[in-house]
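missing the sequence, but the structure's below:
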């Protein structure tokens, strides 16, 4: 699977500093965006910017996850390696090497 | 509570699995099912045939033709009837040895606790989060389990909430998603409903490992099941700081 490259053209793009993360979308988000996206991440990159970057090429997917102010919709659930990351903390939570990130909406039907 | 001869015959094949004592436990149990729709149909049918002694099922709707692709309690001839009337008839027909209370009412904050009454557990077969949160509140206050399920299209999710022990619904989903007319294929509530009904039986029988602290996620399109570990939110507005006060009688061997 082709990874998204970060800052390839900058001097910071040193191979030995790169980290890899896996992003998993569920339910409606998966329909729009696919899932199990492996991506290279620049060191120190935060959750919010990583997910924004992955999602922004897909306007419908973007609108499903982010509101018009580019903030996460309040119902979006973020998990890092099975532990919740509060939406309010996502912009200051760095992505670490090997992180598995889950992004999903509550499923409401019955 | 002893079993009649007819009951011993009816339940013979499952008594092999969990014994007459287990069957008696089911007989004296009372389960509250919120909703007689896509999830409520399979859950109530299978709990009825399993011999759960008392089933209360609540719904406010009338059967519509667009329900019939998934709400298998209701037939063509029921269109225009109250779902509760249709549900009571089918459940009583499929097992005359159980008691069915079908209540035609909208569950709201004024009646939720009274409706649940002395039930041993609540099955979440609702189609919206505001009512789910009410059921969650009642489960926490009464310290009875909430068997959560939700579906959309080919996707589904389920978890078993044990108050004070596992995260509650608000810990896992603090905010409701927007209301929508969601796609549903009947097989998905069928599958998730079976998971919920299995959890109810295990809980009442005190056997196996419950789906606690785990959110089960089903992707029918990929035929893949996932599990996400979920934890209590110590700051949760509903269950934060709660310590279980009661022994879970259902789980006592």
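Yes, it's here. A quick note: this is a predicted structure, and the numbers were derived from the prediction, not measured.

so which elements touch the biggest helix by length in chain B?
For chain B, the helix that runs over the most residues, judged by DSSP state H, is helix B:187-205. Contacts defined by 3 or more C-beta pairs under 8 Å, 6 or more residues apart in numbering or on different chains; DSSP states H and E place helix B:187-205 against helix B:12-28, helix B:40-50, strand B:121-124, strand B:146-152, strand B:155-161, strand B:214-219. To be clear about C-beta, it is placed using only N, CA and C from the backbone, and glycine gets the same treatment.

residue B:205: which of these is closest?
helix B:12-28 (4.8 Å; C-beta to C-beta).

orientation of that closest one relative to helix B:187-205 in degrees?
70 degrees (axes from the mean of the first three to the mean of the last three C-alpha atoms, to 10 degrees).

OK, contacts around residue B:127?
For residue B:127, the contacting residues are A:108-110, B:35, B:37-38, B:182, by C-beta atoms under 8 Å, 6 or more residues apart in numbering or on different chains.

let's go with 10 Å and repeat that
In this structure, residue B:127 makes contact with A:108-110, B:35, B:37-40, B:61, B:150-151, B:179, B:182, B:184, B:189, judged by C-beta atoms under 10 Å, 6 or more residues apart in numbering or on different chains.

of those, buried ones?
Neighbour counting with 16 or more other C-beta atoms under 10 Å in any protein chain shown marks A:108-110, B:35, B:37-40, B:61, B:150-151, B:182, B:184, B:189 as buried within the contacts of residue B:127.

averaged pLDDT, stretch B:191-202. What do you get?
Regarding stretch B:191-202, the rounded mean pLDDT is 98.

show me what from chain A comes close to chain B.
A:24, A:26-31, A:35-36, A:73-77, A:79, A:81-84, A:86-87, A:102, A:104-110 (C-beta under 10 Å from any C-beta of the partner chain).

out of these, which are buried?
Among the residues of chain A next to chain B, the ones that count as buried (16+ other C-beta under 10 Å) are A:24, A:26-31, A:35, A:75-77, A:79, A:84, A:87, A:102, A:104-110.

correct me, but residue B:192 touches residue B:185?
No: with contact defined as C-beta atoms under 10 Å, residue B:192 does not reach residue B:185; the gap is 11.6 Å.

neighbour-wise, which of those two wins?
Shown here are residue B:192 and residue B:185; by other C-beta atoms under 10 Å in any protein chain shown, residue B:192 has more neighbours (29 against 15).

re earlier: so which of the buried ones among the residues of chain A next to chain B are in strands?
If you go by DSSP state E, these have A:24, A:77, A:79, A:84, A:102, A:104 in strands.

can you pull up the bridge partners for the nearest residue to residue A:34 once chain neighbours are set aside?
Once flanking residues are discounted, residue A:34 sits nearest to residue A:25: 7.0 Å by C-beta to C-beta, 6 or more residues apart in numbering or on different chains. Counting by DSSP bridges, residue A:25 is bridged to residue A:103.

buried stuff in stretch B:14-33?
B:14-15, B:18, B:22-27, B:29-33.

could you tell me which helix of chain A is the longest one?
helix A:47-55.

that one packs against which elements?
strand A:19-25, helix A:27-33, strand A:37-41, helix A:59-65, strand A:77-80, strand A:100-104 (3 or more C-beta pairs under 10 Å, 6 or more residues apart in numbering or on different chains; DSSP states H and E).

so in that sheet, which strands flank the worst-scoring helix or strand of chain A on mean pLDDT, and in what orientation?
When the helices and strands of chain A are scored by mean pLDDT, DSSP states H and E, strand A:83-84 comes last with a mean of 86. Sheet partners assigned to strand A:83-84 using DSSP bridges are listed as strand A:77-80 (antiparallel).

now the strand it pairs with: mean pLDDT?
Strand A:77-80 comes out at a mean pLDDT of 93.
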